[in-house]
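Q: this one's structure only:
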């Protein structure tokens, strides 16, 4: 992940904190993250904020291990160990990239059910960047 | 339509460290009556724990976050000394921007203060729905005994107009100046104590007894009139000391005990204890909750359980559900994910 400035992060907080997607008023497709031009109908449409459920499946994943973490995640790698990053396909059909947390190695499977949880993502210049990660679903659905 | 507690929810992180790990590291575990304690993950803090407890509470209360008029956060371990985190929680919950927010900090009594203020907020007509969330993971120097009991957890309550599952009947507060027990100086992350256990114990027992007795006088009740009592749980021994002084029986305070599995969850403890009691309570039951904040103060709150509670049982994860979901870690990993080394 490349450096994200505070103003850019701030502008995207609704999507980062509570999965607000933008639904195209022209074709109904949910754009997540928000875009100027709809990913589906390619029109410069109007968009309606819409809350995504946070439920989804692992579409693909990788594990970030020693030495390969971007600088803002190097402390996490050093103290908490290697961590998985997944492309998660949400039940609304959109795909997003996020870390998997609170997992056991056997939970990391393509197609495994996950749910969004609000966590600390990283800290930069003393400022905590909060956002969403996903955790495996075993018995119940997330309150999100 | 009346005013009261419309719903509640908790969150306890999945990591646990047990007594044996401390004994391996330090030769002893200086935490009476604690078998294991909850530990926030590397990516968790009092704010993230608060968000999950709040979502559970809103679901339990069947109140949409868009209807909230107030969000009050209570903790001794906010990640910021200055910068509202109730605003962070508000956005994570999807609450509207026109909401009253406040962070109640610097005391383990903060949660009951915030709960009573949320009741005043609604009763005075300033708003219809208030969310109080207490979330805490206190820190101390790992080489001090004071660090041994410190755990983590969160509990959230929705107070508002509707058909309450429980009603806050009355409250009494006490403030008695005390010094040198638990404190955290400006600019410090860790709590300290001058380490005089008999003095600390006496100050806590006296302050809590004062608020509880005032509440008993006000309501004209005897200790035995309450089905359950939630007492301060900085360790597993303290509640019995307080109970003995006032005249409560073991059967009244044991159902609220969470410290043996969660540790000292600071400001969140009184509300997690109340949540555990509400998980089991029946309509008509009376609960007395007493909090304690070093320095010193105590709130005593009387809660009466209503019929509505039966309709909500099992709709969101209970205290027991979170206690059952756990992963044990060793002491070194504990120090690492608490960022103490």
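A: Here it is on my side, so go on. Fair warning: this is a prediction, and the values are worked out from it, not measured in the lab. Numbering: from 1, shown residues only, chains lettered A, B, ... in the order given.
Q: so residue B:322 is in contact with residue B:10, correct?
A: Yes. Between residue B:322 and residue B:10 there is a contact under Cβ atoms under 8 Å: 6.1 Å. The C-beta positions use only the backbone N, C-alpha and C, and glycine is treated the same way.
Q: neighbour count winner among these two?
A: Taking other Cβ atoms under 10 Å in any protein chain shown, residue B:322 and residue B:10 do not tie; residue B:10 has more neighbours (33 against 26).
Q: so the residue of the stretch 101-250 of chain B at minimum distance from chain A bridges to which residues?
A: Residue nearest to chain A within the stretch 101-250 of chain B (Cβ to the nearest Cβ): residue B:156, separated by 10.6 Å. Beta bridges link residue B:156 to residue B:9, residue B:133, judged by DSSP bridges.
Q: quick check, it in contact with residue B:131.
A: Yes. Using Cβ under 8 Å, residue B:156 makes contact with residue B:131 at a distance of 6.2 Å.
Q: common neighbours of these two, please.
A: B:54, B:57, B:58 (Cβ atoms under 8 Å, 6 or more residues apart in numbering or on different chains).
Q: could the residues you listed be laid out in JSON lines, adding distance to chain A, secondary structure and neighbour count?
A: Converted to JSON lines, the shared contacts of residue B:156 and residue B:131 look like this (distance: Cβ to the nearest Cβ, whole Å; DSSP: H, G, I helix; E, B strand; the rest coil; neighbours: other Cβ atoms under 10 Å in any protein chain shown):
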{"residue": "B:54", "distance to chain A": "9", "secondary structure": "helix", "neighbour count": "32"}
{"residue": "B:57", "distance to chain A": "9", "secondary structure": "helix", "neighbour count": "29"}
{"residue": "B:58", "distance to chain A": "8", "secondary structure": "helix", "neighbour count": "26"}
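Q: now stretch B:35-42: average pLDDT?
A: Averaging pLDDT along stretch B:35-42 yields 98.
Q: contact partners of it?
A: Contacting residues not belonging to stretch B:35-42 are listed as A:76, A:79-80, A:101-102, A:119, B:12-19, B:31, B:48-49, B:137, B:149-153, B:260-265, B:326, B:328-329, B:334, B:336-339 [Cβ under 8 Å, 6+ apart].
Q: let's see it at 6 Å
A: A:76, A:80, B:12-13, B:15-19, B:137, B:151-153, B:260-263, B:334, B:337 (Cβ atoms under 6 Å, 6 or more residues apart in numbering or on different chains).
Q: and stretch A:10-20, by the same measure?
A: Applying Cβ under 6 Å, 6+ apart, the contact partners of stretch A:10-20 are A:33, A:49, A:51, A:52, A:54, A:131, B:91, B:92, B:94.
Q: distance check, the last one against residue B:65.
A: The gap separating residue B:94 from residue B:65 is 5 Å, by Cβ to Cβ, to the nearest Å.
Q: check the fourth one too.
A: Distance of residue A:52 to residue B:65, computed by Cβ to Cβ: 15 Å.
Q: ok so residue A:134 is a helix residue?
A: No. Assessed by DSSP: H, G, I helix; E, B strand; the rest coil, residue A:134 does not belong to a helix; its assignment is strand.
Q: isn't it up against residue A:99?
A: No. Here residue A:134 does not reach residue A:99: they are 7.4 Å apart, not a contact under Cβ atoms under 6 Å.
Q: neighbour count winner among the two?
A: residue A:134 (30 against 22).
Q: return the residues in contact with that one.
A: Counted by Cβ under 6 Å, 6+ apart, residue A:134 has contacts A:88, A:98, A:100, A:114, A:116.
Q: in chain A, which spans are strands?
A: A:20-24, A:30-31, A:47-51, A:55-64, A:83-90, A:95-99, A:113-124, A:127-136 (DSSP state E).
Q: please work out which residues outside the third one touch it.
A: The one in question is strand A:47-51. Counting by Cβ under 6 Å, 6+ apart, A:20, A:21, A:22, A:23, A:24, A:25 sit against strand A:47-51.
Q: what would these look like in TSV with neighbour count?
A: As requested, the contacts of strand A:47-51 are exported to TSV (neighbours: other Cβ atoms under 10 Å in any protein chain shown):
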residue	neighbour count
A:20	19
A:21	22
A:22	21
A:23	19
A:24	20
A:25	12
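Q: picking up where we left off before, can you get me a residue count around the residue of the stretch 101-250 of chain B closest to chain A?
A: Count around residue B:156 with other Cβ under 10 Å applied: 36.
Q: what's the neighbour count on residue 115?
A: If you meant another chain, say so; for now it's chain A. A count of nearby residues for residue A:115, using other Cβ under 10 Å, gives 20.
Q: nope, chain B
A: 28.
Q: many thanks, I have nothing further to ask.
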